[in-house]
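S.K.: Sequence below, structure please.
(one chain, ligands or ions: 1)
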Amino acid sequence: MNKLITIKQKKIIIGNWKMNPDSLSDAKRIFTKIVAGSSKFKEVETIICPPSVFLGLVGKPKNIKLGGQDGFYESTGPHTGLVSISMLKSLGAEYLIVGHSEIRQAGETDDLINKKIKTGLKLGLKIVLCIGEEIHDENGEYLKILQSQLLQDLALVPKKYFNQIIVAHEPVWAIGSLSKNADNPESFAHNRLFIKKVLADLVGKKVGLTVPVLYGGSVGVKNSKDFLTTGEADGLLIGRVSLIPDDFIKIITLANN
Ligand code: PGA
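M.R.: Numbers count the residues shown, from 1 in each chain. Model prediction:
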């Protein structure tokens, strides 16, 4: 008789530090605390995405992976002020956030996001593709925006790379409010299924349905458990609270159980 084997996927908890903190010594202090507080957790994949200038300097412990917060798709060239994805990789990044709404709002196009994704994938990085609507309407029109972002951002990405893709649904209206404006877990569960269906239609069920879908936007200690249980989130993308080691460790602890 065939045995049914269920593989428990590790929850993915990502700290997006954005343009914080303002000094290397603070970055090292926060990072060291998180590393120390999360060393015993085996059922969770923890990733910290510091500003690129700190990436190679905070340390490279076994229990935490590092990620970049965006990078340019060409490896070198006359692009003053930019940092390439391959430079981030050379500093230890294994993950790359792409398509964050704060960068989309500054004018980033889906075409540019698509180029960055393809470069990151070829370099072997895991891509955290952020998608999200600016307005949440009751009729579900916002789902069309999520679909369009997914299809444009992942256009012509070969199927073989989809095991390196993670999608984070971050409603723009939910970001940065310390739980006040967060989406609710039931709504996220619905959005997660919708995202998986779009991916399944794109590359087939076998591959599409296994892409992890994270929730992001005002996640804190209080609402994190509900997103991981009721919301069935495969993980969380956390901004502000990832800079507060005690709270971030509490969330990793919840995700591990
Ligand atoms: P927040 O940010 O947790 O501070 O809302 C999340 C994000 O923008 O990635």
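
S.K.: which bits of this structure sit near the ligand?
M.R.: Applying Cβ under 6 Å from any ligand atom, one finds that the chain approaches the ligand through 16, 170, 175-176, 216-219, 237-240. C-beta: built from backbone N, CA, C; applies to glycine.

S.K.: run the last query once more with 8 Å
M.R.: Residues of the chain lying near the ligand by Cβ under 8 Å from any ligand atom: 16, 18, 97, 100-102, 130, 168, 170, 174-178, 182, 216-220, 237-242.

S.K.: Please name the nearest non-neighbouring residue to residue 38.
M.R.: residue 252 (4.8 Å; Cβ to Cβ, 6 or more residues apart in numbering).

S.K.: Where does the stretch 151-257 of the chain get nearest to the ligand, residue-wise?
M.R.: Closest contact between the stretch 151-257 of the chain and the ligand, by Cβ to the nearest ligand atom, is at residue 239 (2.3 Å).

S.K.: Pretty sure that residue sits against residue 176.
M.R.: Yes. Between residue 239 and residue 176 there is a contact at 6.4 Å, judged by Cβ atoms under 8 Å.

S.K.: In terms of neighbours, single out the busier of these two.
M.R.: The residue with more neighbours, out of residue 239 and residue 176, is residue 239; 22 against 14, by other Cβ atoms under 10 Å.

S.K.: residues of the helix or strand containing the residue nearest to residue 38 that come out buried?
M.R.: Using DSSP states H and E, residue 252 sits in helix 245-256. For helix 245-256, a neighbour-count test (16 or more other Cβ atoms under 10 Å) marks 245, 247-256 as buried.

S.K.: got it, and stretch 42-60?
M.R.: Neighbour count says stretch 42-60 has 44-52, 54-56, 58 buried, by 16+ other Cβ under 10 Å.

S.K.: Closest to the ligand out of these?
M.R.: Of the buried residues of stretch 42-60, the one sitting nearest to the ligand (Cβ to the nearest ligand atom) turns out to be residue 49, at 9.0 Å.

S.K.: In space, what's closest to the closest one - neighbours in sequence excluded?
M.R.: residue 67 (4.0 Å).

S.K.: how near is the one you found to the ligand?
M.R.: Going from residue 67 to the ligand by Cβ to the nearest ligand atom, to the nearest Å gives 12 Å.

S.K.: Likewise for residue 116?
M.R.: Counting by Cβ to the nearest ligand atom, the gap from residue 116 to the ligand is 17 Å.

S.K.: name the helices or strands packed onto the one helix or strand that residue maps to?
M.R.: Using DSSP H and E, residue 116 sits within helix 110-122. For helix 110-122, the elements it packs on are helix 85-90, strand 93-98, strand 126-131, helix 142-153, judged by 3 or more Cβ pairs under 8 Å, 6 or more residues apart in numbering; DSSP states H and E.

S.K.: Just the residues contacting it, thanks.
M.R.: Outside helix 110-122, the residues that touch it by Cβ atoms under 8 Å, 6 or more residues apart in numbering are 70-74, 85-86, 96, 98-99, 104, 127, 129, 148-149, 152-157, 161, 164-165.

S.K.: Same question for stretch 38-45.
M.R.: Against stretch 38-45 from outside (Cβ under 8 Å, 6+ apart): 8, 10-13, 46, 61, 63-65, 235, 249, 252-253, 255-257.

S.K.: now the helices for the stretch 151-257 of the chain?
M.R.: 185-203, 205-208, 221-228, 245-256 (DSSP state H, counting those that start in this stretch).

S.K.: All set, thanks.
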